[in-house]
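Colleague: return atomic coordinates for the entry below.
(chains A and B)
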Number of protein chains: 2
Amino acid sequence: MSTGRFEIRIPEGDEHERKVCADCGYVAYENPKPVVGSVVATPDGRVLLCKRAIMPRRGFWTLPAGYMEMGETVEAGAAREAWEEAQARISIEGVLAVYSIPHLGQVQVFFRAGFAEPGFAAGPESEAVALFAWDEIPWEELAFPSVRWALEAWRASAGAPLPAAAQNPA
Amino acid sequence: MSTGRFEIRIPEGDEHERKVCADCGYVAYENPKPVVGSVVATPDGRVLLCKRAIMPRRGFWTLPAGYMEMGETVEAGAAREAWEEAQARISIEGVLAVYSIPHLGQVQVFFRAGFAEPGFAAGPESEAVALFAWDEIPWEELAFPSVRWALEAWRASAGAPLPAAAQNPA
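Modeller: Model prediction:
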């Protein structure tokens, strides 16, 4: 990222090793990145899955989810990903789960959601998009472990209230 | 961060503007940063607050919270912050709330927690650490809006189950 001479040391006043530029003292903090996604379901309990058209795990099924962008909220990010990957307009009900993937430096926030409008279609990153009843979910063809975790958390949360404070209070 | 010549454009296959090095094509993604914290309470309902010894908002009261480090889980990060700021060993009960602060590029994950061991003390970033009953909380001297939001979410969640999937399932 830089042609500067970085060294690994603990900056003054810090408690952790950082990449510090030996020339100017710039500290290149590295933090985990938030991923936002949703389990979008119909009133009769079918969930929306997307067949990945891109690497990694092309051809496997996933939930609409992706890296959060600067300047958006977690809810807006999850809604954007549902639109980009599945051309679905969703309404978010609450926080379903928060997963950490330390070796990837990811924090994944999953929401429980419904359809705000009918309709969905494959976006540019999806080969196909479909609704699956619980017993139809292609468990052996899911793209990532957290897809299964989030689906199971969705199943377990059925009918239960979720944290109401997912959105910033006024 | 670099002496390279960055330009703002949409990289091939992307849908958003990024900082791209005009020389080598390196894409400097910028993502919101996760903050992890907790509302730590005693069985009789007093909550742990820390009086900040550092800027910003020095002298104001806050919950133990801070930027998540690479390689840790959200729960481990919240426990680390409770130790660093309040010398408290905590046990996490579940996800209390997820707040987005778009203008700061932050995603804040707050947990409901108790004390795993008795005792607490001011860490290097705190002038003082104390337990407050609900009616004693210094509402006018809280450091950040999300401190109030998280305290109110804690109050509203009393006795209620929280998402069980805060930790990665096995």
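Colleague: could I get the buried residue list for stretch A:144-154?
Modeller: A:144, A:146, A:147, A:149, A:150, A:151, A:153, A:154 (16 or more other C-beta atoms under 10 Å in any protein chain shown). In short, each C-beta sits where N, CA and C put it, glycine included.
Colleague: in helices, which of those fall?
Modeller: Of the positions in the buried residues of stretch A:144-154, A:146, A:147, A:149, A:150, A:151, A:153, A:154 sit in helices, assigned by DSSP state H.
Colleague: quick one, helices of chain A?
Modeller: A:74-86, A:145-156.
Colleague: which helices and strands does the longest one pack with?
Modeller: In other words, helix A:74-86. strand A:33-41, strand A:47-52, strand A:65-67, strand A:90-101, strand A:106-115, strand A:126-132, strand B:90-101 (3 or more C-beta pairs under 8 Å, 6 or more residues apart in numbering or on different chains; DSSP states H and E).
Colleague: so how far is that helix off the chain centroid?
Modeller: 9 Å (C-alpha atoms, centre = their mean, to the nearest Å).
Colleague: so the helix or strand of chain A with the lowest mean pLDDT, near chain B or not?
Modeller: Every helix and strand in chain A was compared by mean pLDDT, DSSP states H and E; the lowest is strand A:27-28, with a mean of 77. Yes - applying C-beta under 8 Å from any C-beta of the partner chain, one finds strand A:27-28 touching chain B at residue A:28.
Colleague: strands paired with that strand, and their directions?
Modeller: strand A:18-21 (antiparallel) (DSSP bridges).
Colleague: looking at it, residue A:106 is touching residue A:66, isn't it?
Modeller: No - if you go by C-beta atoms under 8 Å, residue A:106 and residue A:66 don't touch, sitting 10.8 Å apart.
Colleague: anything in contact with each of those two?
Modeller: residue A:35 (C-beta atoms under 8 Å, 6 or more residues apart in numbering or on different chains).
Colleague: domain parsing for chain A?
Modeller: Structural domains assigned to chain A are A:1-30, A:33-157, following automatic domain parsing.
Colleague: centre of the chain to the shortest one, how far?
Modeller: The reference is to domain A:1-30. 29 Å.
Colleague: and for stretch A:63-80?
Modeller: 7 Å.
Colleague: buried ones in that stretch, by neighbour count?
Modeller: Quick answer for stretch A:63-80 (16+ other C-beta under 10 Å): A:63-66, A:68-69, A:72-80.
Colleague: out of these, who's nearest chain B?
Modeller: Distances from chain B to these, taken as C-beta to the nearest C-beta, are shortest for residue A:73 (3.6 Å).
Colleague: per-residue pLDDT, that closest one?
Modeller: If you check residue A:73, the pLDDT there is 94.
Colleague: any idea of the pLDDT on the residue of chain A positioned farthest from its centre?
Modeller: Distance from the C-alpha centroid of chain A, by C-alpha atoms, centre = their mean, peaks at residue A:23 (37.4 Å). Looking at residue A:23, its pLDDT is 75.
Colleague: relative to residue A:155, how far out is it?
Modeller: 54 Å (C-beta to C-beta, to the nearest Å).
Colleague: then residue A:102?
Modeller: 25 Å.
Colleague: comparing those two, which shows the higher neighbour count?
Modeller: residue A:102 (17 against 13; other C-beta atoms under 10 Å in any protein chain shown).
Colleague: quick one, what contacts the more buried one?
Modeller: With contact set as C-beta under 8 Å, 6+ apart, residue A:102 has these partners: A:32, B:70, B:71, B:72, B:73.
Colleague: measure it to residue B:75 for me?
Modeller: The separation that residue A:102 has from residue B:75, given C-beta to C-beta, amounts to 11 Å.
Colleague: which stretches of chain A aren't confidently modelled?
Modeller: A:1-4, A:163-170 (pLDDT under 70).
Colleague: residue nearest the middle of it, spatially speaking?
Modeller: Geometric middle of chain A (C-alpha atoms, centre = their mean) lands on residue A:36, at 2.9 Å.
Colleague: nearest residue to it other than its sequence neighbours?
Modeller: Ranked by C-beta to C-beta, 6 or more residues apart in numbering or on different chains and with sequence neighbours excluded, the top spatial neighbour of residue A:36 is residue A:77, at 3.9 Å.
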